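K.L.:
fold the following, please.
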Amino acid sequence: MFRGINLSKTYQFLLVLLAFLMPLTVSFANCIVVLIVLLWIFSGDFKNKFSLIFRSKLLIASIIFYCIHIIGMLWTEDILWGLHILHKMWYFLLLFPILYTIVEKEYIRYYLYAFLSAILLTEIISYLVWFQIIDEFMKANQLNPTPFMSHISYNPILAFSIYLVAHEIIFNKEISRIFLFSYIFFLVIMIFNMFITGGRAGQVMFFTVIVVLCFQYFKGNKMKAVLATMILVPSFFIAAYQMSPLFKERANLAIHEIVNYDAHTVSSNQILNSSVGGRILFTVNSWEMIKDNIFLGVGTGDFPSDYKRINERNSIGAPNTSNPHNMYILILSQLGLVGLISMMLILYFQVRVALTRSDGFFYNVGLAIPLLYMVIMFSDSYLLGHFTGLLFIFFSSFLYKDFEES
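P.N.:
Coordinates of the predicted model:
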């Protein structure tokens, strides 16, 4: 059916295009995803494809994770919301295995260049808006210059980009002087941009990036890594606190809400000027749901309705939610311990594969992704969101592939 076209090169073109588009646009990135999926399906050769897929324990864990969501529909009353969740999570069933079978090692640097080029474009627009050189652009305004997505997704993606660029500066001994200075400049403007936007989860992820890089750089000397962490993390925090009014305001507000948390004040909307008080309440109410359904959860689609019932009983006046803004709490609520274990298996196999790698890039970045996501998933359901979920799947497809067996 595809005679006359070079299937491999077509895949690589689409993958590079996807890497560029995925931090910029939902619709166009999804168009590329659909093209890749259709090309994969109609190109046949399923015996070899499935053989490659089922040799990977990570892919099997990903498929099981999604299948548990399907099974969770059996005790779901809200079928429509359950179907919505299945639609949001389909990357784990289909896209992850498909990308795994078509990524090629020699093109990885092009995936990275394309992705970082998109981040550079984002940075340029962000600063143009922040300096008021241009008017508000899409989602960006001067107070929160994140043009293509909300700060909830933007800052974690920015933090991961900071990790990639810093890793290149620190560990690539063959980098040219031009690239070195370019990367250093890129790193500085990304770090500054991190603290003129309002995404606290991404900022926490940034501090985690510093910790990860310290331990990777001082591999084999934990004392030096701990010392470097104890110097760098407070230094960056204090600098950001002193230089960024937005970071200072939101850090103070977060501390105030944690120290002064009270369910009554949340219910009366007295401390919902930021999200911390609400997140605490979501967790408290969700825990009541979890305790009653610890092993199998309430079902794939029943979190919103069950949360509303508990919320109206325990915290009258507080807003309802369809998402507790915590991936662990969401999965525990929906699918119980069975679902949580299946999700953690994905992260476990990522770490396990990374630890076997002799190549420093695959070893370091392969460990960084699960560690960074384990941190930010306490703040929101980042495997459920389009931008952060697609980033997780895309980078996992080549970081954990055994290119020797394919």
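K.L.:
residue ranges with poor pLDDT in the stretch 301-406 of the chain?
P.N.:
Applying pLDDT under 70 to the stretch 301-406 of the chain flags residues 406.
K.L.:
tell me which helix or strand of the chain sits lowest on mean pLDDT?
P.N.:
In the chain, no helix or strand scores lower on mean pLDDT, DSSP states H and E than helix 263-267, which sits at a mean of 54.
K.L.:
can you name the element that comes right after it?
P.N.:
helix 276-292 (DSSP states H and E).
K.L.:
go through that following helix and flag the buried ones.
P.N.:
Within helix 276-292, the residues that count as buried by 16 or more other Cβ atoms under 10 Å are 276-286, 288-290. Glycine gets a C-beta too; all of them are placed from N, C-alpha and C.
K.L.:
ok, residues contacting the helix or strand just after that helix?
P.N.:
Next in sequence after helix 276-292, counting helices and strands by DSSP H and E, comes helix 303-314. For helix 303-314, contacts defined as Cβ atoms under 8 Å, 6 or more residues apart in numbering pick out 77-78, 81, 263, 282, 284-286, 288-289, 298, 318, 320-324, 330, 333-334.
K.L.:
which strands and helices lie in contact with the next helix or strand after helix 303-314?
P.N.:
Counting by DSSP H and E, the element after helix 303-314 in chain order, helix or strand, is helix 327-355. For helix 327-355, the packing partners by 3 or more Cβ pairs under 8 Å, 6 or more residues apart in numbering; DSSP states H and E come out as helix 57-71, helix 276-292, helix 303-314, helix 360-376, helix 386-399.
K.L.:
need the helices for the stretch 51-200 of the chain, in chain order.
P.N.:
Assignment of helices within the stretch 51-200 of the chain using DSSP state H, counting those that start in this stretch yields the ranges 57-71, 79-88, 95-102, 108-130, 151-171, 177-194, 200-217.
K.L.:
please identify the deepest-packed of the helices and strands packed on helix 327-355.
P.N.:
Stretch with highest mean neighbour count among these: helix 386-399 (a mean of 22; mean count of other Cβ atoms under 10 Å).
K.L.:
helices and strands around it, which ones?
P.N.:
Helix 386-399 packs on helix 26-42, helix 95-102, helix 108-130, helix 151-171, helix 327-355, helix 360-376, going by 3+ Cβ pairs under 8 Å, 6+ apart.
K.L.:
in the longest one, what's buried?
P.N.:
What that stands for is helix 327-355. Residues of helix 327-355 classed as buried by neighbour count (16+ other Cβ under 10 Å): 327-336, 338-340, 342-347, 349-350, 353-354.
K.L.:
what about Ile85, distance to Asp78?
P.N.:
For Ile85, the distance to Asp78 equals 10 Å [Cβ to Cβ, to the nearest Å].
K.L.:
joint contacts of the two?
P.N.:
Counting by Cβ under 8 Å, 6+ apart, the contacts common to Ile85 and Asp78 are Gly301.
K.L.:
neighbour count for those two, which is higher?
P.N.:
Legend: neighbour count by other Cβ atoms under 10 Å for Ile85 and Asp78, higher for Ile85 (22 against 19).
K.L.:
OK, contacts around that one?
P.N.:
His69, Thr300, Gly301, Gln334, Leu384.
K.L.:
tally of neighbours for the second one?
P.N.:
One way to gauge burial is a neighbour count; for Thr300, by other Cβ under 10 Å, it gives 27.
K.L.:
grab the nearest non-local neighbour of it.
P.N.:
Spatial nearest neighbour of Thr300, chain neighbours left out: Gly72 (3.7 Å); criterion: Cβ to Cβ, 6 or more residues apart in numbering.
K.L.:
quick one, grab the pLDDT at the one you found.
P.N.:
pLDDT, Gly72: 98.
K.L.:
which other residues reach the helix or strand hosting Asn48?
P.N.:
Assigned by DSSP H and E, Asn48 falls within helix 46-53. Contact with helix 46-53 is made by Trp40, Leu59, Pro97, Tyr100, Thr101, Glu405, Ser406, as judged by Cβ under 8 Å, 6+ apart.
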